[in-house]
Structures are given as structure tokens and as C-alpha cells.
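Asker: Coordinates only, no sequence provided:
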């Protein structure tokens, strides 16, 4: 697997061009650092039909199958994108310790959680994609932020 690191601006623009943006959490796959949501509906309204691993397509045809899970962490770090999904009003998010979530991203997560009225579930992964913390359920975004920042300082 050969890999050439992309600039953040380039990979974010490429992602926006390929997937588009949405305001509907049901269609969203990632929260970008400006708080916008990448549209993973695949063209169907109010439903996320694309797997988060589709980001592999942003990296070109030279990548063979079997590398999808390895490229999600690269995308999350390069684009500073938080992986999200919604189910029955609950919000799930995945953070990678190589990321530096912005205030716009944290505020978007708070907004989405309030709108959904459910609980927040989160996982924190290491830079190579291995889970280092499985949260369970929390009620407040500040708890996630605190645990995430602690993981970053310990790694």
C-alpha cells in the first residue's frame, strides 16, 4: 500500500466535491472542522446509505481492496473529520487521537445531540485505527471532550 499524505484543504475540498454537504443528521457521515456535515446519503433523502469507509475513494485507484478500514483514520486525521452516525435519536461519534477537533465541531455535536434528544456514544481510536477507549453512553459533550483530551495527553 503506497500512501502520499494530502493537504487538509485538498482532501476536504475533494470530500465536499465527491459527497456534498447536508444539514440532515440522518444523511451525515462526518463532521468537518467548520461544523459542516458530509452527505453520505448516496442520493436518498433522510438516510445514510454510504459506508464511512467510502472515503477510500478520495485516495485514488492505486489502493486495493482490504484497505478501507486503514484509510478512515488517515481521512479523519487529514481532514480533521469526526465520524458520526445517528440511530433512533442517539448520536455515535468516533474520534482519532491524531485529530484536533475545533469548537465548531464540538458545537455541531451539541446541536445534533439536542435536536435528536437521545444519548451520545463515542469511541476513541489511536492513529493507526485501533480502539483505545470505548465509552458507552454519556449525556454531555463536555464529558467526551474531557476524555478525548486526556487520551491525547497520555498517548
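Answerer: The structure has been received and is ready for your questions. It should be emphasised that the depicted structure is a prediction, and the values quoted were computed from it without experimental measurement. Numbers count the residues shown, from 1 in each chain.
Asker: How about residues contacting stretch 89-106?
Answerer: Outside stretch 89-106, the residues within contact range by Cβ atoms under 8 Å, 6 or more residues apart in numbering are 25, 31-35, 73, 76-77, 80-86, 109, 112-113, 116-127, 129, 132, 141, 144-145, 148, 151-152, 155. C-betas here are computed from N, CA, C, even on glycine.
Asker: repeat that for 7 Å
Answerer: By Cβ atoms under 7 Å, 6 or more residues apart in numbering, the surrounding residues in contact with stretch 89-106 are 31, 33-35, 73, 76-77, 80, 82-85, 109, 112-113, 116-127, 141, 145, 148, 151-152, 155.
Asker: Keep only those of these that are in strands.
Answerer: Using DSSP state E, the subset of those located in strands is 31, 82, 83, 84, 85, 120, 121, 122, 123, 124, 125.
Asker: So how do I select the buried members of those in ChimeraX?
Answerer: Buried members of the ones in strands among the contacts of stretch 89-106, defined by 16 or more other Cβ atoms under 10 Å, are picked up in ChimeraX with:
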select :31,82,83,84,85,120,121,122,123,124,125
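Asker: Export the ones in strands among the contacts of stretch 89-106 to a markdown table and append columns for pLDDT.
Answerer: Below are these laid out as a markdown table (pLDDT from 0 to 100):
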| residue | pLDDT |
| --- | --- |
| 31 | 97 |
| 82 | 96 |
| 83 | 94 |
| 84 | 95 |
| 85 | 93 |
| 120 | 91 |
| 121 | 91 |
| 122 | 91 |
| 123 | 91 |
| 124 | 91 |
| 125 | 88 |
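Asker: Reformat the ones in strands among the contacts of stretch 89-106 as TSV; add distance to residue 97.
Answerer: Compiled in TSV, the ones in strands among the contacts of stretch 89-106 are given as follows (distance: Cβ to Cβ, whole Å):
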residue	distance to residue 97
31	17
82	13
83	14
84	17
85	20
120	18
121	18
122	13
123	11
124	6
125	7
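Asker: ok, now which ones touch residue 39?
Answerer: 19, 20, 21, 22, 27, 28.
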